[in-house]
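Engineer: for reference, the sequence and a predicted model appear below.
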Amino acid sequence: MHSLKVIWAIFVKDIKVEWRSRETLASMSLFGLLIVFLFNFGFEPAREETLRLLPGLLWIAFAFTGILGFNRSFAGERENQCLEGLSLAPVDPGAIYLGKVLANLFFLIVAEAVIVFATSLWYNFSFLPSLSWFSCVLFLGTLGYVAIGTIFAAVAANTRMREVMLPVLQFPVAVPVFVGAIEATNGALKGDAPGDYASWVKLLAGFSVVFLVLSFLLFEYVLEE
Amino acid sequence: MIQKIFHPTVHLVVTLVWMVVALFMIFLYAPQELMMGEVQRIFYIHLPSAWTAFVAYLVIFLGSVGYLWKRSQEADEWAQAAGEVGFVFCSCVLVTGPLWAKPVWGIWWTWDARLTSTFVLWLLFVSYSMLRSYLVNPARAASLAAVVGVIGFVDVPIVYMSIRWWRTQHPQPVIFGGEGSGLDPRMWATVLVSFGAFFCLFLYLFRQRIWLLRAERELSALRRRLPSRPSKEWSD
């Protein structure tokens, strides 16, 4: 039970910090909106093309928005040696990782909701008919992406030029998330039977489980001094 | 470990002789392929470099696990050296691949499972070595790089499976494939000799890189023993 308390404490701490500054969520959402906005100039999608472009567009926006959030989640910990404080705490380092994952997941999903809402308006596309399956795919894809992003952000926090280092580490490893999430989102938005894209959903779930467990075990080595 | 087996110069000479033998076999001994003609001979460079790159990736993984488990500095050196040398061989795969694909498939590149996975592997080599050079605190570099090495290694099969479901154009494995696949015995011999030459070159570069890493470490240890500001002594 102790670990659950630690996870919750880290999550609540990150939410509190965010509530006081409101910088991360605002910048993530705005950045995501700008990507969707710029895409409009790149493709000028006609109505019938929208459905074909939308999954890729959304996930590219989520990918860059996520990077922004992950970088900030550990950049803040470096000030006043907070990271050293965390690593000295007599708790399971894996629990600290899961608390961070939970906070990053929360921020990214809120930013994604803003991006999806704006996309729906700007591209005249209704997500309502497929909302339940679309949200499920969105959640699983985001979970896998955050699982990797959180541990890599902690690694990248120890480097020079960490803003560059994080995407360089993150994007190649997250390829299965992009492939699976874009295919499954495509299926969900087209209104296909869930069985048709179930294998992609399973891939996303499997990816999340594998990397949550692996990072949980490895996080100890990231924090150590 | 390899350092003790035989002298680097002997190793270099063996590698060079072996490479000449491999070249002879590639261009004169191996029969011409029926459909693709002479251009198929790039296969004897392409496949051995791919195998060598996979070996290098395995060494990164084993070195990373070895470091995290036993805190062995040697394991860390192995992982770092394999990362940089593996990058060279993986680049060789990505250069010879399009050169072969253009005359045979009519295109330089296609986003098929094997090509995309190899490209992801190359990106992992790049990001691993880049991380090494950007880490601020050298004392922590080994653990952080090892964590990334382990995650990347676990990721490669998932990348491969996910992209294979997505699309496939690269020929099915000719060598260990199903019925109707297989190589002429002389082609077999050539590819194995060529792999031997590549592997020998890999080991040579690998041991030289480890030797260089140790020399760098020794140098920085000696530097630390020097007085920090020699000019101060003069002013006394």
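Structural biologist: On my side now, so go ahead.
Engineer: surely A:Phe139 meets A:Ile109?
Structural biologist: Yes: applying CB atoms under 8 Å, one finds A:Phe139 in contact with A:Ile109, separated by 7.2 Å. For every residue, glycine as well, the C-beta is placed using N, CA and C.
Engineer: show me which helix runs longest in chain A.
Structural biologist: The longest helix of chain A (DSSP state H) is helix A:47-78.
Engineer: repeat for chain B
Structural biologist: Ordering each helix of chain B by length in residues (DSSP H) puts helix B:185-225 first.
Engineer: and that helix, what does it pack onto?
Structural biologist: helix B:2-5, helix B:8-24, helix B:43-70, helix B:73-105 (3 or more CB pairs under 8 Å, 6 or more residues apart in numbering or on different chains; DSSP states H and E).
Engineer: which elements pack onto the longest helix of chain A?
Structural biologist: Counting contacts by 3+ CB pairs under 8 Å, 6+ apart, helix A:47-78 is packed against helix A:23-43, helix A:82-88, helix A:93-122, helix A:131-156, helix A:162-173, helix A:175-190.
Engineer: what's the span of stretch B:25-43, first residue to last?
Structural biologist: Across its full length, stretch B:25-43 reaches 13 Å between end residues, using CA to CA, to the nearest Å.
Engineer: state the mean pLDDT of it.
Structural biologist: The average pLDDT for stretch B:25-43 rounds to 82.
Engineer: what's the spacing between the longest helix of chain B and its chain's center?
Structural biologist: Counting by CA atoms, centre = their mean, to the nearest Å, helix B:185-225 is centred 10 Å from the centre of its parent chain.
Engineer: likewise for stretch B:48-61?
Structural biologist: Mean C-alpha position of stretch B:48-61 versus that of the full chain (CA atoms, centre = their mean) differs by 5 Å.
Engineer: which residue packs closest to the most centrally placed residue in chain B, ignoring adjacent ones?
Structural biologist: Central residue of chain B (CA atoms, centre = their mean): B:Gly86, 2.1 Å from the mean position. Leaving aside its sequence neighbours, B:Gly86 sits nearest to B:Ala56 (CB to CB, 6 or more residues apart in numbering or on different chains; 2.8 Å).
Engineer: and if you look at A:Glu163?
Structural biologist: Closest residue to A:Glu163 apart from its sequence neighbours, by CB to CB, 6+ apart: A:Asn71 at 5.9 Å.
Engineer: pull up the gap between that neighbour and A:Met28, please.
Structural biologist: 10 Å (CB to CB, to the nearest Å).
Engineer: what's the helix or strand bottoming out on mean pLDDT in chain A in contact with?
Structural biologist: In chain A, the helix or strand scored least confidently by mean pLDDT, DSSP states H and E is helix A:82-88, which has a mean of 84. For helix A:82-88, the surrounding residues in contact (CB atoms under 8 Å, 6 or more residues apart in numbering or on different chains) are A:Phe74, A:Gly76, A:Glu77, A:Pro93, A:Ile96, A:Ala157, A:Leu223, A:Glu224, A:Glu225.
Engineer: same thing but 10 Å
Structural biologist: Outside of helix A:82-88, the residues within contact range by CB atoms under 10 Å, 6 or more residues apart in numbering or on different chains are A:10, A:13, A:17, A:74, A:76-78, A:81, A:93, A:96, A:99-100, A:154, A:157-158, A:219-220, A:222-225.
Engineer: now the residues you listed: which count as buried?
Structural biologist: For the contacts of helix A:82-88, a neighbour count by 16 or more other CB atoms under 10 Å in any protein chain shown gives the buried set as A:10, A:17, A:74, A:76-77, A:93, A:96, A:99-100, A:154, A:157-158, A:219-220, A:222-223.
Engineer: list just the nearest of these to B:Phe125.
Structural biologist: Top of the list for closeness to B:Phe125, among the buried ones among the contacts of helix A:82-88 and by CB to CB, is A:Asn158 at 20.2 Å.
Engineer: wait, what's in contact with the closest one?
Structural biologist: Taking CB under 10 Å, 6+ apart, we find A:Asn158 in contact with A:74, A:78, A:83, A:165, A:222, B:131, B:134-137, B:140-141, B:143-144.
Engineer: just the buried members of these?
Structural biologist: Buried subset of the contacts of A:Asn158 (neighbour count, 16+ other CB under 10 Å): A:Phe74, A:Leu83, A:Met165, A:Val222, B:Leu131, B:Tyr134, B:Leu135, B:Arg140, B:Ala141, B:Ser143, B:Leu144.
Engineer: all set, thanks.
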